[in-house]
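In: give me a 3D structure for the following:
(chains A and B)
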Amino acid sequence: MSAVRLTAPRGVADVLPQAAGAWQRVEAVARDVFRRYGFAEIRTPMFEATELFLRSVGEDTDIVAKEMYTFVDRGGRSVTLRPEGTAGVVRAYLEHGMNAGPQPVKLCYVSAPMFRYDRPEAGRYRQFHQMGVEVLGAAAPAADAEVIAAAHALIASAGLPDASVRLNSVGDATCRPAYRERLRDHYRPHLEALCPDCRVRFDRNPLRLLDCKQPQCAPFIASAPTLADALCDACRAHLDEVQALLTAARIPFELDPGIVRGLDYYTRTVFEVVHPTLGALCGGGRYDGLVEELGGPPTPAVGFALGVERLILALGERGVEAPAQAPEVFVACAAEELRADAFRTAMAWREQGVAAEVDLLGRSFRAQMRHADRLGARFVAVVGRSEAERGTVTVRDMGAGTQEEVEAAGAVAYLRQRLASAGA
RNA sequence: GUGGAUGUAGCUCAGUUGGUUAGAGCACCAGGUUGUGGCCCUGGGGGUCGGGGGUUCGAGUCCCCUCAUUCACCCCA
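Out: Take a look at the predicted model:
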């Protein structure tokens, strides 16, 4: 018996009933898009061996360096609450021999919880949720374009039709190391003038230099050699083909050399869908080296992940709201001795698919009416003495304020017809 | 992780230069005669004033610490 009031841990949020409708709507849209694009659902564990993330996400990334929920379990194993979804999917792909079946393997996940020990702010939580896809075993640009198309379709169908895609290429093992050195050469004479963060980036992750927002660093970004110019022929051709396919499919995008992404495993295509204030709604790209890095055969792959909380926040700003859940009919009893009849009626109607509510507090008839109104019930069915004698119920339309006495046996059919015609 | 702001009922907030049993609106529950909601009226439940320590005869009100929320930065979904 503790006297302290328990609250949710920092950075986690309850999805309350008023908000759950928005989640269900977004999830339904995602499942529909993923089905149409041919992605099969996979559900992987929320925690994995720490080693998996060290090897996939990259030890020099912020995620691994300071954001992982890592602990030692009772067996002495180091495990980590997953900070992102791709590593676990790739692990499962290999563990279950999916690389031995028909390729490519197209997988998706919906509202999968992820964990990062970050400072919470609007649209950022320590437990957050992603929906995304992975295409494993496809090297052609069509796979990149399909993944980008799916991301765009998901966001557009959810209610943000004008969301635009930012596209870039980070090169591959052939051209990226050379570019990295060219970038270092460019920055080396100016180290003193850079912001402290960028001095660290210079050593640890030079590509991120291009991502800096400090005014003092802007001139060096502007004059830096661009990755696009440094791409090898194969990467260049790949990027060109992705663009051609997106254009052919009328998917709006723009090239953005500043898109670098925070995970080490990306090769060639990287992309984001960005919101003006919430940052990236969705991010993804190709990761041709990751499967091999995790012990599998060389396997090209590409995917994206979308932040559910951010998408819902963005939808809310646009006024896209899901209606609250309300009963279709409230069964009110007008006489004490008929409570069992009202209860039985509600249960029978529920069996037949009607969202029926019934009093649980022993309220007076008047109070039941008031409660039905506050719940937003479309109809109230009155079970009273005179109705009981006649084998009827009185169905009141709470919006119109009109009511009608109907045969009890045909009441469900009557309700269905009224709900279908005047409804919504 | 770095700075700033905020923290009184479920929600939005008031609370006078520190002074008796801490308030309002909304929300919730019940009534307003015997079977009808929305408006209105009456009544009721609900707060260790985020938590801890200190100053004081006395603290929601002042000081310190802590926790949480939020904004900017960093990073990202």
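In: so what's the residue count around A:A280?
Out: 20 (other CB atoms under 10 Å). To be clear about C-beta, it is placed using only N, CA and C from the backbone, and glycine gets the same treatment.
In: same question for A:V291.
Out: Burial of A:V291, expressed as a neighbour count using other CB under 10 Å, amounts to 23.
In: again, but for A:E48
Out: Using other CB under 10 Å, A:E48 has 19 other residues around it.
In: does it belong to a helix, a strand or coil?
Out: A:E48 carries the three-state label strand when classified by DSSP: H, G, I helix; E, B strand; the rest coil.
In: with A:V354 instead?
Out: When classified by three-state DSSP, A:V354 comes out as coil.
In: and it, how many neighbours?
Out: Applying other CB under 10 Å, I find that A:V354 has 20 neighbouring residues.
In: please name the residues that touch it.
Out: For A:V354, the set of contacting residues under the criterion of CB atoms under 8 Å, 6 or more residues apart in numbering consists of A:328-329, A:412, A:415-416.
In: can you tell me which of the residues you listed are in helices?
Out: Those of those mapping onto helices are A:412, A:415-416, per DSSP state H.
In: I'd guessed A:Q214 sits against A:C195; true?
Out: Yes - assessed by CB atoms under 8 Å, A:Q214 is found in contact with A:C195 at 4.2 Å.
In: buried ones among the contacts of A:V354?
Out: Burial by neighbour count, judged by 16 or more other CB atoms under 10 Å, picks out A:328-329, A:412, A:415 from those.
In: now render these as a markdown table, adding distance to RNA strand B and pLDDT.
Out: Compiled in a markdown table, the buried ones among the contacts of A:V354 are given as follows (distance: CB to the nearest atom of the strand, whole Å; pLDDT from 0 to 100):
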| residue | distance to RNA strand B | pLDDT |
| --- | --- | --- |
| A:E328 | 14 | 95 |
| A:V329 | 13 | 96 |
| A:V412 | 19 | 97 |
| A:L415 | 16 | 96 |
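In: biggest separation within those residues, which pair?
Out: Largest separation among the buried ones among the contacts of A:V354 by CB to CB: A:E328 and A:V412, giving 10.4 Å.
In: which of the helices and strands in chain A ranks last by mean pLDDT?
Out: helix A:196-204 (a mean of 76; mean pLDDT, DSSP states H and E).
In: for the nearest residue to A:E387 once chain neighbours are set aside, grab phi and psi.
Out: Leaving out its chain neighbours, the residue that sits closest to A:E387 by CB to CB, 6 or more residues apart in numbering is A:V393, at 5.4 Å. Note on A:V393: its backbone torsions stand at phi -130, psi 150 [degrees, to the nearest 10].
In: OK, contacts around A:V393?
Out: Taking CB under 8 Å, 6+ apart, we find A:V393 in contact with A:345, A:381-383, A:387, A:405-406, A:408, A:411.
In: what subset of the residues you listed is buried?
Out: The neighbour-count test (16+ other CB under 10 Å) applied to the contacts of A:V393 identifies A:345, A:381-383, A:387, A:406, A:408, A:411 as buried.
In: kindly indicate which of these lies nearest A:R184.
Out: Distance to A:R184 across these (CB to CB) is lowest for A:A381, with 75.8 Å.
In: hmm, who's touching the helix or strand hosting the closest one?
Out: In this structure, A:A381 sits in strand A:379-383 according to DSSP states H and E. Outside of strand A:379-383, the residues within contact range by CB under 8 Å, 6+ apart are A:328-334, A:338, A:341-342, A:345, A:356, A:368-369, A:372, A:393-398, A:403, A:411, A:415, A:418.
In: just the angle between the helix or strand where A:Q403 lies and strand A:379-383, please?
Out: With the criterion set as DSSP H and E, the secondary-structure element containing A:Q403 is strand A:402-407. Going by axes from the mean of the first three to the mean of the last three CA atoms, to 10 degrees, strand A:402-407 is angled at 50 degrees with respect to strand A:379-383.
In: tell me what strand A:402-407 is packed against?
Out: In terms of contact count using 3 or more CB pairs under 8 Å, 6 or more residues apart in numbering; DSSP states H and E, strand A:402-407 is assigned the packing partners strand A:392-397.
In: sorry, back to before: may I have the least confident helix or strand of chain A exported as CSV, CA atoms only?
Out: What follows is the C-alpha trace of helix A:196-204 in CSV, where atoms were taken according to Å, rounded to 0.1, in the frame of the first residue of the first chain:
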residue,chain,number,x,y,z
PRO,A,196,31.2,22.0,-31.7
ASP,A,197,28.8,19.3,-32.9
CYS,A,198,30.2,19.4,-36.4
ARG,A,199,33.8,19.0,-35.1
VAL,A,200,32.6,15.7,-33.7
ARG,A,201,30.7,14.8,-36.9
PHE,A,202,33.9,15.4,-38.8
ASP,A,203,35.6,12.5,-37.1
ARG,A,204,32.7,10.2,-36.5
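In: list the helices and strands the helix or strand following it packs on?
Out: Heading C-terminal from helix A:196-204, the first helix or strand you meet, by DSSP H and E, is helix A:218-223. In terms of contacts (3+ CB pairs under 8 Å, 6+ apart), helix A:218-223 is packed against helix A:176-187.
In: residues from the stretch 201-350 of chain A in reach of RNA strand B?
Out: A:201, A:208, A:211-214, A:260-263, A:272, A:277, A:279-283, A:305-307, A:309-310, A:334-335 (CB under 7 Å from any atom of the strand).
In: redo that, cut-off 6 Å
Out: By the rule CB under 6 Å from any atom of the strand, the part of the stretch 201-350 of chain A lying against RNA strand B is A:208, A:211-214, A:262, A:279-283, A:305, A:307, A:309-310, A:334-335.
In: which of those residues count as buried?
Out: By 16+ other CB under 10 Å, these give A:208, A:211-212, A:262, A:280-283, A:305, A:307, A:309-310, A:334 as buried.
In: which one among those residues gets closest to A:R55?
Out: For those, with A:R55 as the reference and CB to CB as the criterion, the closest is A:G262, at 16.3 Å.
In: the stretch 1-150 of chain A: helices as residue ranges?
Out: With DSSP state H, counting those that start in this stretch as the definition, the stretch 1-150 of chain A shows helices at residue ranges A:17-36, A:50-56, A:62-66, A:86-95, A:141-158.
In: any chance of those helices in JSON lines with mean neighbour count, mean pLDDT and distance to A:T299 as columns?
Out: As requested, these are arranged in JSON lines below (neighbours: other CB atoms under 10 Å; pLDDT from 0 to 100; distance: least, CB to CB, whole Å):
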{"stretch": "helix A:17-36", "mean neighbour count": "17", "mean pLDDT": "93", "distance to A:T299": "21"}
{"stretch": "helix A:50-56", "mean neighbour count": "18", "mean pLDDT": "91", "distance to A:T299": "13"}
{"stretch": "helix A:62-66", "mean neighbour count": "16", "mean pLDDT": "78", "distance to A:T299": "22"}
{"stretch": "helix A:86-95", "mean neighbour count": "21", "mean pLDDT": "96", "distance to A:T299": "8"}
{"stretch": "helix A:141-158", "mean neighbour count": "23", "mean pLDDT": "96", "distance to A:T299": "12"}
